[in-house]
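Visitor: Pasting the sequence and the predicted coordinates here, then a few questions.
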Amino acid sequence: MYILFKNIHHYVGMITLVFVLLLTVVSFIYYLQERPISGQAKKISLLALIFTHTQIVLGIILFFSSPIFQSTSMKDIMGIAAVRRNYIEHPFSMVMVGALITIINAKIKKVPKITVWMLLMSAVSLALVLGMIPRSFWASFLS
């Protein structure tokens, strides 16, 4: 069951990355052109929100069902950098991304144009997503 959720988490993560990237690009274009927010931008924001929250729920399930979490103390998890990154820093960063995407989605519904703060929040969320993708993915993707 753990392997199934891990695979789903992987593929939903790729979809989440695409929509967060798309949201950032659309926000940048709308901000530069000073265009009013369209229905398409709202749909992109909503899809980014849905996939981000789905990813967080899957991540929470994986976190608590993980063999490392069940068999290792928190002291040991914090003592090993690679384990700490995957089991502490990665989930915390993704929860922050979820919060930022939620704020962006709420703002997109209310304001007529993209503001600089919305653009910065989307850029920070994209940077966090890219920065916290496990190194094993990049190694397999780039080789």
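Guide: It's in.
Visitor: neighbouring contacts of the lowest-mean-pLDDT helix or strand in the chain?
Guide: Ranked by mean pLDDT, DSSP states H and E, the weakest helix or strand in the chain is helix 135-142, scoring a mean of 70. With CB atoms under 8 Å, 6 or more residues apart in numbering as the test, helix 135-142 has contacts from H10. Placement of C-beta: from N, CA and C, glycine included.
Visitor: Measure how far that helix is from the centre of its chain, please.
Guide: Computed by CA atoms, centre = their mean, to the nearest Å, the separation of helix 135-142 from the middle of its chain amounts to 17 Å.
Visitor: And the lengthiest helix in the chain, how far out from the chain middle?
Guide: Secondary structure of the chain per DSSP state H: the longest helix is helix 2-33. In terms of CA atoms, centre = their mean, the centre of helix 2-33 is found 7 Å from the chain centre.
Visitor: Could you name the helices and strands sitting against it?
Guide: Here helix 2-33 touches helix 39-65, helix 90-110, helix 116-132, going by 3 or more CB pairs under 8 Å, 6 or more residues apart in numbering; DSSP states H and E.
Visitor: which parts of the last one are buried?
Guide: Going by neighbour count (16 or more other CB atoms under 10 Å), the buried part of helix 116-132 is M118, L119, M121, S122, S125, L126, L128, V129, M132.
Visitor: For the last one, give me its contacts.
Guide: If you count contacts by CB under 8 Å, 6+ apart, M132 has them with E89, H90, S93, M94.
Visitor: try 6 Å
Guide: Contacts for M132 (CB atoms under 6 Å, 6 or more residues apart in numbering) come out as H90, S93.
Visitor: Mind listing what's buried along stretch 33-41?
Guide: Neighbour-count burial for stretch 33-41, counted by 16+ other CB under 10 Å, picks out I37, A41.
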